[in-house]
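Q: here's a sequence, model it:
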Amino acid sequence: ILVGAGSYDENVIMHNPVRLQGAGVAVTSILANPTPAERLAVWHADVQTLLGNDPFAANEAPGILVIAASDFITPGPERFIDGFTLTGSISGGGIYVHSDIHNLVISNNEIFNNQGIFAGVIVIGTPDTGLDANNDNLIIRGNRIAQNGGIQGAGGLAIYNGADGYLVEDNLIIGNFSRFSGGGMAHVGLSDGGVIKNNRILFNEVFYGLLLTGAGDAGGIYLAGEVIDGDGAGSVTVEGNKIQGNLAGSGDGGGIRTFAFNAA
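A: Okay, the predicted model is just below:
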């Protein structure tokens, strides 16, 4: 699906395994602020029709919602989201990948000035379910992720339980803010074989007014199991990143913080 130059007031629902190609970040923009209220009502109605239920009351109306109403699991051509500017979301972040999504590439996008409950920019899975979201072999590459905010998750990118074999590389993650943990990005829950490499993670910040479990830590990268004595975080490789100028305002780990990583 080729999307031409222009600014689109949309909250896209990607429910088939397609290639979604913008004309480039300088010319193709998705403005994700879901106003007026009728637009948000239509979005929820469409989700209900596609899934038979609507689990998105909290992290609602991202710029692009990826759901498996069709077959994302069967091996096939590479599926991707590439070449967009995404901005203006107020509770769903830039891109939300829900569950049962395999082999998706998110690349060459500029994602800025979004706010999300689970994360400000890209959310993979859902926190605190205790379930394997089955979002395997995802690639997040070459994106500029700037000046976004997370409320109960990372300021930038969040990867939750069940994203085995993911790759996060060559992204610029800069100036994001979280009131939870993971100013730049967070890996929370069991996702085995993840790789975080060659990113620039710069000047992100975390602050939380109270020192609560799982909050206030890791200005740059937060790596954690969901709970103490749970399943841990899995095997994660962090290599070749530039992590500079990040701030953990009320906790630990200006650059990197691990918590309950080995389930203890």
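Q: strands along the stretch 151-264 of the chain, start to end?
A: Under the criterion DSSP state E, counting those that start in this stretch, strands of the stretch 151-264 of the chain are mapped to 157-159, 167-169, 172-174, 177-178, 185-188, 194-197, 200-202, 205-206, 221-224, 236-239, 242-244, 247-248, 256-259.
Q: what about Glu78, how many residues nearby?
A: Other residues within reach of Glu78, judged by other C-beta atoms under 10 Å, total 10. C-betas here are computed from N, CA, C, even on glycine.
Q: now Ile145
A: Neighbour count for Ile145, taken as other C-beta under 10 Å: 30.
Q: also Gly6?
A: 11.
Q: that one against Ile30, yeah?
A: No: counting by C-beta atoms under 8 Å, Gly6 sits too far from Ile30 to count as a contact (9.8 Å).
Q: hey, which of the strands of the stretch 151-264 of the chain is tucked in deepest?
A: strand 157-159 (a mean of 33; mean count of other C-beta atoms under 10 Å).
Q: now do it: which elements does it pack against?
A: strand 122-124, strand 185-188 (3 or more C-beta pairs under 8 Å, 6 or more residues apart in numbering; DSSP states H and E).
Q: and those strands: which comes nearest Ala260?
A: With C-beta to C-beta as the criterion, Ala260 lies closest to strand 185-188 of those, at 9.5 Å.
Q: and the closest one, which strands flank it?
A: strand 157-159 (parallel), strand 221-224 (parallel) (DSSP bridges).
Q: show me what Val145 is bridged to.
A: Residue 145: Ile, not Val. Beta-bridge partners, per DSSP bridges, of Ile145: Ile111, Ile173.
Q: and it, how far from Pro127?
A: 19 Å (C-beta to C-beta, to the nearest Å).
Q: circling back: looking at the strands paired with strand 185-188, which is nearest to His44?
A: Closest among these, once you apply C-beta to C-beta, is strand 157-159, at 22.3 Å.
Q: ok, Val105 to Gly216 distance?
A: Distance, Val105 to Gly216, by C-beta to C-beta: 33 Å.
Q: these two: which has the busier surroundings?
A: Using other C-beta under 10 Å as the criterion, Val105 and Gly216 rank with Gly216 on top: 23 against 18.
Q: wait, the more buried one sits on Ser181?
A: Yes: between Gly216 and Ser181 there is a contact under C-beta under 8 Å: 6.4 Å.
Q: can you check which residues contact both of these two?
A: Between them, Gly216 and Ser181 share these contacting residues under C-beta atoms under 8 Å, 6 or more residues apart in numbering: 206, 208, 251.
Q: so Ala41 belongs to a helix, correct?
A: Yes: the assignment for Ala41 is a helix, going by DSSP: H, G, I helix; E, B strand; the rest coil.
Q: model confidence score at it, please.
A: On pLDDT, Ala41 comes in at 93.
Q: then Asn16?
A: 88.
Q: can I get the strands paired with strand 185-188 in TSV with distance to Ile151 and mean pLDDT?
A: Below are the strands paired with strand 185-188 laid out as TSV (distance: least, C-beta to C-beta, whole Å; pLDDT from 0 to 100):
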stretch	distance to Ile151	mean pLDDT
strand 157-159	11	98
strand 221-224	15	96
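Q: adding distance to Thr87, write those strands out as JSON lines.
A: Compiled in JSON lines, the strands paired with strand 185-188 are given as follows (distance: least, C-beta to C-beta, whole Å):
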{"stretch": "strand 157-159", "distance to Thr87": "16"}
{"stretch": "strand 221-224", "distance to Thr87": "24"}
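Q: and of those strands, who's closest to Met185?
A: For the strands paired with strand 185-188, proximity to Met185 was assessed by C-beta to C-beta; strand 157-159 is nearest, at 4.0 Å.
Q: Met28 contacts Asp82, correct?
A: Rather than Met, residue 28 is Thr. No: using C-beta under 8 Å, Thr28 is not in contact with Asp82; the gap is 10.1 Å.
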